[in-house]
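Asker: Have a look at this prediction, sequence included:
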Amino acid sequence: MDDAYSHQASTPSDRHHKSKLETMRNENMNFVDSNDVIVEYYKNQQASGLDRYFLEIEQWLEEDKTLHTNTPLVLEADDGIGKKTLLVKWMEYHARNKKGRYPDFIIPHFATQSGKNSNYYYAIYRILIKLREALNIKQKVELLEEKLRRYFQYWLEICSRQLDQQIINGAQIIYDKVILVFEGIDNFRELLDMHREANVNFWLPKYFPTNIKVIVTAERQSASMRLLKPDCQVIPIVSDKTVMKQTVNHHLGKHLLIQNPQNLLDIFIQLSYKVRNQPVFVRSYFSVFIPYPSEGVVEENEIDQRIVEQILQPLKLEYFISMKVIEDLFAFQLDYFSKANIMEVAKFRKVLLD
């Protein structure tokens, strides 16, 4: 069995490989790509000060790289900091402000969504299918996982050459370069042990062709971060305390549905520093536990404020003290309010997600 730093990885038999990827391909043909859904959702979220990193990403993209210096850009960010929001908002910013005549072709992949998205073979397959279609490449994409992994670099070199020859070949759409974005690269899992982080050196090329740029996010303490950091430019992503304070003060300045939120504020102040500095955690905590009417979501006359007070009054610090990530908070909120019958489940989910 390999460890996180070896160049080998545990892999099942070829027969299992083929059936596994074919199943994923068939599922992808029958359902909407969840990565596209994520992009559309986070387009409507606020960047919460993360937009200050846009220029750093743009500067990195403009640097001239040779084959053996074109390594990924690593955004080092802990869970809950807003990585998806940052990437999606940057994609919009880049599309609006890119220099030059032709646009870039950006393919985001969100490994933190787990399921098939945390399978690096599926990620490679999905990316190559999109590149094949966008660049009008005739060669078919392999369905055998090991061939996908081994020929990933080769495929990217084909794409890079195709980008150089677009005008000569009479391409209908001309792209400047391809940008691959892996959100949560440390969330890719080993096939035979879903609890183990996949070895990034096993499947991701160390260097990329000149027309291919790669941006990844990884947590500070992850094995992927330790492996990528020596050879890659790293941008640490941290929450802006000023923006966080403004967010909280702006929320408390609204016409709240509860008259005395002091107990809930005391609970929040006593939470661990890590969760109190996760923008998504902060917004969800305040929007759900210290709510205010919102047009189109929850109107003021829809809920009896006395009932809201009664439901929130029993909340104690012990319910929150073990929370480490936003998913812990979401799970608790859904469970807590599902027992309260304060509103229809579908409407509450909308409150939670908005």
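Answerer: Received the coordinates, thanks.
Asker: Tell me if Lys213 really is in a strand.
Answerer: Yes: Lys213 sits within a strand when classified using DSSP: H, G, I helix; E, B strand; the rest coil.
Asker: Let me know the pLDDT of the residue lying closest to it once chain neighbours are set aside.
Answerer: Among residues not flanking Lys213 along the chain, Ile179 sits closest, at 4.7 Å (Cβ to Cβ, 6 or more residues apart in numbering). C-betas here are computed from N, CA, C, even on glycine. With respect to pLDDT, Ile179 scores 98.
Asker: quick one: low-confidence parts of the stretch 101-250 of the chain?
Answerer: Counting by pLDDT under 70, the stretch 101-250 of the chain has low-confidence residues at 113-114.
Asker: what ranges do the strands span in it?
Answerer: 105-110, 178-183, 189-190, 193-197, 212-218, 233-236 (DSSP state E, counting those that start in this stretch).
Asker: Direction included, what does the fifth one pair against?
Answerer: Spelled out, that is strand 212-218. strand 73-76 (parallel), strand 178-183 (parallel) (DSSP bridges).
Asker: Now do whichever helix or strand comes after the first one and strand 212-218, the angle between them.
Answerer: Towards the C-terminus, the helix or strand next in line after strand 73-76, according to DSSP states H and E, is helix 83-97. Per axes from the mean of the first three to the mean of the last three Cα atoms, to 10 degrees, the angle that helix 83-97 makes with strand 212-218 is 150 degrees.
Asker: before we move on, back to that, run through the residues that contact the residue nearest to Lys213.
Answerer: Leu61, Asp104, Phe105, Ile106, Ile107, Ile212, Lys213, Val214, Ile215 (Cβ atoms under 8 Å, 6 or more residues apart in numbering).
Asker: Could you identify the most distant pair in those?
Answerer: Largest separation among these by Cβ to Cβ: Leu61 and Ile107, giving 14.8 Å.
Asker: between the contacts of Ile179, which is nearest Gln153?
Answerer: Nearest member of the contacts of Ile179 to Gln153, counting by Cβ to Cβ, is Ile212, at 9.8 Å.
Asker: so how far is Val248 from that closest one?
Answerer: 41 Å (Cβ to Cβ, to the nearest Å).
Asker: Excluding residues flanking it in the chain, which one is nearest Leu265?
Answerer: Ile290 (7.7 Å).
Asker: His250 versus that neighbour, what's the distance?
Answerer: 12 Å.
Asker: could the contacts of Ile179 go into CSV alongside distance to Asn136 and neighbour count?
Answerer: Below are the contacts of Ile179 laid out as CSV (distance: Cβ to Cβ, whole Å; neighbours: other Cβ atoms under 10 Å):
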residue, distance to Asn136, neighbour count
Leu61, 24, 17
Asp104, 17, 17
Phe105, 12, 18
Ile106, 18, 19
Ile107, 16, 18
Ile212, 17, 21
Lys213, 21, 22
Val214, 22, 21
Ile215, 25, 23
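Asker: Turn those residues into a markdown table, including distance to His195.
Answerer: Output for the contacts of Ile179, formatted as a markdown table (distance: Cβ to Cβ, whole Å):
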| residue | distance to His195 |
| --- | --- |
| Leu61 | 35 |
| Asp104 | 36 |
| Phe105 | 35 |
| Ile106 | 31 |
| Ile107 | 28 |
| Ile212 | 31 |
| Lys213 | 32 |
| Val214 | 26 |
| Ile215 | 27 |
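Asker: What is the nearest of the residues you listed to Pro230?
Answerer: Nearest to Pro230, judged by Cβ to Cβ, of the contacts of Ile179 is Val214 at 16.1 Å.
Asker: pretty sure the closest one contacts Phe208?
Answerer: Yes: if you go by Cβ atoms under 8 Å, Val214 and Phe208 touch, sitting 5.7 Å apart.
Asker: Identify the contacts common to the two.
Answerer: Thr71, Pro72.
Asker: Can you show me the helices along the stretch 201-350 of the chain?
Answerer: Along the stretch 201-350 of the chain, counting by DSSP state H, counting those that start in this stretch, helices occupy 223-228, 241-252, 262-269, 273-276, 279-289, 305-312, 326-338, 345-353.
Asker: could you dump those to CSV with distance to Ile81 and mean neighbour count?
Answerer: Below are the helices of the stretch 201-350 of the chain laid out as CSV (distance: least, Cβ to Cβ, whole Å; neighbours: other Cβ atoms under 10 Å):
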stretch, distance to Ile81, mean neighbour count
helix 223-228, 14, 21
helix 241-252, 11, 14
helix 262-269, 18, 14
helix 273-276, 10, 14
helix 279-289, 7, 22
helix 305-312, 27, 15
helix 326-338, 10, 16
helix 345-353, 19, 14
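Asker: which of these has the lowest average pLDDT?
Answerer: Among those, helix 345-353 scores lowest, at a mean of 52.
Asker: Does Ala47 touch Leu87 like I think?
Answerer: No: with contacts counted by Cβ under 8 Å, Ala47 stays clear of Leu87, the gap being 10.6 Å.
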